[in-house]
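Colleague: need a structure here:
(2 chains)
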Amino acid sequence: MRIVSWNINSVRLRIESVARLVAELSPDILCLQEIKVTDAAYPQSAFTEMGFTDHAVFGQKGYHGVSIHSRLPISRAHRKHWCGREDSRHIWVTLASGLEVHNFYVPAGGDVPNVEENEKFAHKMAFLDEMTEWFVKNHKSTDPAILVGDLNIAPLETDVWSHKQLLKEVSHTPVEVDGLNGVMAAHKWIDAVRIFVPPEEPLYSWWSYRNRTWPGSNRGRRLDHIWVTPPLEDKLRGASVFTEARGWEKPSDHAPVLVDIDL
DNA sequence: ATGCCGTATGATATACGA
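Modeller: Numbers count the residues shown, from 1 in each chain, chains lettered A, B, ... in the order given. Okay, here's the model as predicted:
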């Protein structure tokens, strides 16, 4: 089974890019973030044409929004609000097999990495704390589960183009990395991509629009992740970032991430 | 410190992204 996760940065604007990705990678499950559209205006028929039979959308006007499309039967879809807000940042499905697939869009966190000076950063940190508590309380790490999404944090030194220069940049500050590692440790989440791309090797999934950083200077960050619980570790067969999509016409600033699991 | 570019919106400027 192949799962692909992609921050699409407007699904309506890039629906043809999604179709191209599906044609090239043939995912069984496709998870999108930043769809930036309401449920009512979501282009669901395009996904049916791509071969997906089951759909789950958690949209929002203008901002955020996440969706899951599957060729395998979805038994239940769930949508959850976080931090007492109405944001659409988390949708998850239970497949007929019992496997859960969680799709997240963690808050970006604004510019200033200080919870007292920056309300957006406080929201990001609170979101991580809630994630930690929620998974411990609501799920068992001994059950097979997959978590994907734009987590907006690059945890390893090799997950950014310059560890030293980004230590005080939101997405790579020590307090965010600690928060993300806390989410992982509490539920025994395993970073599937780093099983196949060694931690010593630089790996990015996002390159800013604001500088001409791609592909020339390659000033990227690995903000997009795929995690699995321990029962799935031995079933992992591959994982990678599909970097070339960042070079397509009118690209998203994020590249897709994919994992193959023997299920 | 700022701009760089891109997206969305009761939009011809503004908020947001990270």
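Colleague: alpha carbons only for contacts and neighbour counts from here, please
Modeller: OK.
Colleague: Could you list the residues of chain A in contact with DNA strand B?
Modeller: With C-alpha under 7 Å from any atom of the strand as the criterion, chain A meets DNA strand B at residues A:9-13, A:36-37, A:61-63, A:107-111, A:120, A:152-153, A:170-171, A:209-212, A:250-252.
Colleague: change it to 6 Å
Modeller: Contacts of chain A with DNA strand B, taken as C-alpha under 6 Å from any atom of the strand, map to A:9-10, A:12-13, A:36-37, A:61-62, A:107-111, A:152, A:170-171, A:209-211, A:250.
Colleague: Report the buried members of the residues you listed.
Modeller: The neighbour count (16 or more other C-alpha atoms under 10 Å) marks A:Asn9, A:Ser10, A:Lys36, A:Val37, A:Pro107, A:Ala108, A:Gly109, A:Gly110, A:Asn152, A:Val170, A:Ser171 as buried among those.
Colleague: Mark which of the residues you listed are part of helices, please.
Modeller: If you go by DSSP state H, these have nothing in helices.
Colleague: Adding pLDDT and distance to A:Lys80, write the residues you listed out as JSON lines.
Modeller: What follows is those, written out as JSON lines (pLDDT from 0 to 100; distance: C-alpha to C-alpha, whole Å):
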{"residue": "A:Asn9", "pLDDT": "97", "distance to A:Lys80": "21"}
{"residue": "A:Ser10", "pLDDT": "97", "distance to A:Lys80": "21"}
{"residue": "A:Lys36", "pLDDT": "96", "distance to A:Lys80": "17"}
{"residue": "A:Val37", "pLDDT": "96", "distance to A:Lys80": "17"}
{"residue": "A:Pro107", "pLDDT": "96", "distance to A:Lys80": "14"}
{"residue": "A:Ala108", "pLDDT": "96", "distance to A:Lys80": "18"}
{"residue": "A:Gly109", "pLDDT": "95", "distance to A:Lys80": "19"}
{"residue": "A:Gly110", "pLDDT": "94", "distance to A:Lys80": "22"}
{"residue": "A:Asn152", "pLDDT": "97", "distance to A:Lys80": "19"}
{"residue": "A:Val170", "pLDDT": "96", "distance to A:Lys80": "25"}
{"residue": "A:Ser171", "pLDDT": "96", "distance to A:Lys80": "23"}
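Colleague: And the residues you listed, which two are furthest apart?
Modeller: Maximum pairwise distance among those (C-alpha to C-alpha): 25.9 Å, between A:Val37 and A:Val170.
Colleague: Relative to A:Ser5, how far out is A:Asp21?
Modeller: Rather than Asp, residue A:21 is Leu. Separation of A:Leu21 from A:Ser5 (C-alpha to C-alpha, to the nearest Å): 11 Å.
Colleague: Check whether the nearest residue to A:Val37 once chain neighbours are set aside sits in a helix, strand or coil.
Modeller: The shortest distance from A:Val37 to any non-neighbouring residue, by C-alpha to C-alpha, 6 or more residues apart in numbering, is to A:Lys61 (4.9 Å). Following DSSP: H, G, I helix; E, B strand; the rest coil, we place A:Lys61 in the coil state.
Colleague: Which parts of the stretch 51-200 of chain A are strands?
Modeller: Assigned by DSSP state E, counting those that start in this stretch, the strands in the stretch 51-200 of chain A fall at A:54-58, A:66-70, A:74-79, A:90-95, A:100-105, A:145-150, A:190-191.
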